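Engineer: Test case, fold it:
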Amino acid sequence: MNINIRNKSFETNSSSTHSFTLDQNVTVYTSITPDRNGEICLYGGHYGWEWSKYNDPLTKANYCAVYALNDSNKMEMLKGVIIEQTGCDSVNVLCSSEWESPNHGYIDHQSDHKIEAVWESKQSLKDFIFSKNSWLFTGNDNSSPPPNFYDSKEVIDKMEYTISLEGSEGIFKMSKNQYRNKDKLFDAIDTLFESSIYNRYNNHRFVFRGGDDTDSMDDARFSMERSGNGIDLKKRIVTVVRTKNIYDKDKWIREDIVEFKDLKLTVVKNEIA
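Structural biologist: The predicted structure is shown next:
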């Protein structure tokens, strides 16, 4: 998957793996404080399928160190950029690509090439690590990101609508154009439902009424039928259905509907300054 870099823009990755944004119009740089010996130590870390985002320079530097472990030229560029920006005396890379090492560093193999573009120059590497508007995102392709995961605070503060779903953790903020876009609104409801207590209710699953998903897994995730069956925006209701898999001697036979449930959908129009 190609990575798009947009100045001060938050970019999603269609496979929900690792991605980043690069601020190339930096006005203020952050820094990393050396220890008492004037040294900055990079211990690496593990960057896998977790949904996390970082804009602090130390985490981004550690991620870059793990990426550069087997490339001496990239490692020297990384050390040089850090020394130049922080004024430290040295950079000590303590992470290792060896699994047996206590400081084993790891980037999921599906994403271990995603950061390549920041090595285009010393300036781009500096912009990525030391600009608070350059972000590193980690995630996976088995679940949806948390609500507004890729949006900056400045963007979120200007969004006109806040939506929430009964039984779900968190809220989702949307612009007027997003809210009026059927697919984007359904995606937002999908994301909210994934964190809902009903998503794995009694080890069975809820799907939108009218959905055509026949996955037999007990913990199969929420699915929705794109025609809008199950969503009543006028009544602010999302109808979901609990299903149960029927087996005969460990052989799946069919899926029975156990229960319908209406979840309240709340939409609040925000006051934008």
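Engineer: Isn't Thr266 up against Ser164?
Structural biologist: Yes - counting by CB atoms under 8 Å, Ser164 is a contact partner of Thr266 at 4.7 Å. Where C-beta positions appear, they are placed from N, C-alpha and C, glycine not excepted.
Engineer: By mean pLDDT, flag the weakest helix or strand of the protein.
Structural biologist: strand 205-208 (a mean of 55; mean pLDDT, DSSP states H and E).
Engineer: Contacts only, for the closest residue to Ile197 other than its chain neighbours.
Structural biologist: Nearest residue to Ile197 in three dimensions, chain neighbours excluded: Gly167, at 4.7 Å (CB to CB, 6 or more residues apart in numbering). Residues counted as contacts of Gly167 (CB atoms under 8 Å, 6 or more residues apart in numbering) are 196-198, 263.
Engineer: More neighbours: which of Thr266 and Ser164?
Structural biologist: Higher neighbour count among Thr266 and Ser164: Ser164, with 17 against 11, using other CB atoms under 10 Å.
Engineer: quick one: strands adjacent to the strand or helix carrying that one?
Structural biologist: Counting by DSSP states H and E, the element that carries Ser164 is strand 161-165. Sheet pairing of strand 161-165 (DSSP bridges) gives strand 172-174 (antiparallel), strand 251-269 (antiparallel).
Engineer: Any idea how many residues pack against Ile189?
Structural biologist: Around Ile189 there are 24 residues (other CB under 10 Å).
Engineer: mean confidence for the following helix or strand past the least confident helix or strand of the chain?
Structural biologist: Using DSSP H and E, the helix or strand that follows strand 205-208 in sequence is strand 231-232. Taken as a whole, strand 231-232 has an average pLDDT of 86.
Engineer: Strand 231-232: partners in the sheet, and parallel or antiparallel?
Structural biologist: Paired with strand 231-232 in the same sheet, following DSSP bridges, are strand 237-248 (antiparallel).
Engineer: how about the strand it pairs with: buried residues?
Structural biologist: 238-245 (16 or more other CB atoms under 10 Å).
Engineer: Pick the one among those residues closest to Met77.
Structural biologist: Val238 (50.5 Å; CB to CB).
Engineer: Now the closest one. Nearest residue, chain neighbours left out?
Structural biologist: Nearest non-adjacent residue to Val238, counting by CB to CB, 6+ apart: Leu263, 4.6 Å away.
Engineer: sorry, back to before: let me have the buried residues of strand 237-248 in a markdown table, extended by distance to Lys114 and pLDDT.
Structural biologist: Shown next, in a markdown table, are the buried residues of strand 237-248 (distance: CB to CB, whole Å; pLDDT from 0 to 100):
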| residue | distance to Lys114 | pLDDT |
| --- | --- | --- |
| Val238 | 34 | 89 |
| Thr239 | 39 | 85 |
| Val240 | 35 | 81 |
| Val241 | 38 | 76 |
| Arg242 | 38 | 73 |
| Thr243 | 37 | 72 |
| Lys244 | 40 | 74 |
| Asn245 | 37 | 76 |
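Engineer: Could you identify the most distant pair in those?
Structural biologist: Val238 and Asn245 (22.9 Å).
Engineer: Now do the longest helix anywhere in the chain: everything it contacts.
Structural biologist: Across the chain, the longest stretch assigned as helix under DSSP state H is helix 72-86. Applying CB under 8 Å, 6+ apart, the set of residues contacting helix 72-86 from outside is 29, 31-34, 40, 61, 64-65, 67-69, 88-91, 93, 119, 122, 125-126, 129-130.
Engineer: quick one, helices of the stretch 51-200 of the chain?
Structural biologist: 57-67, 72-86, 122-130, 153-156, 176-180, 182-194 (DSSP state H, counting those that start in this stretch).
Engineer: Mean neighbour count, the ones you listed: which tops it?
Structural biologist: Most buried of these, by mean neighbour count (mean count of other CB atoms under 10 Å): helix 57-67, with a mean of 22.
Engineer: Which secondary structure elements does it sit against?
Structural biologist: For helix 57-67, the packing partners by 3 or more CB pairs under 8 Å, 6 or more residues apart in numbering; DSSP states H and E come out as strand 39-42, helix 72-86, strand 106-107, helix 122-130, strand 135-138.
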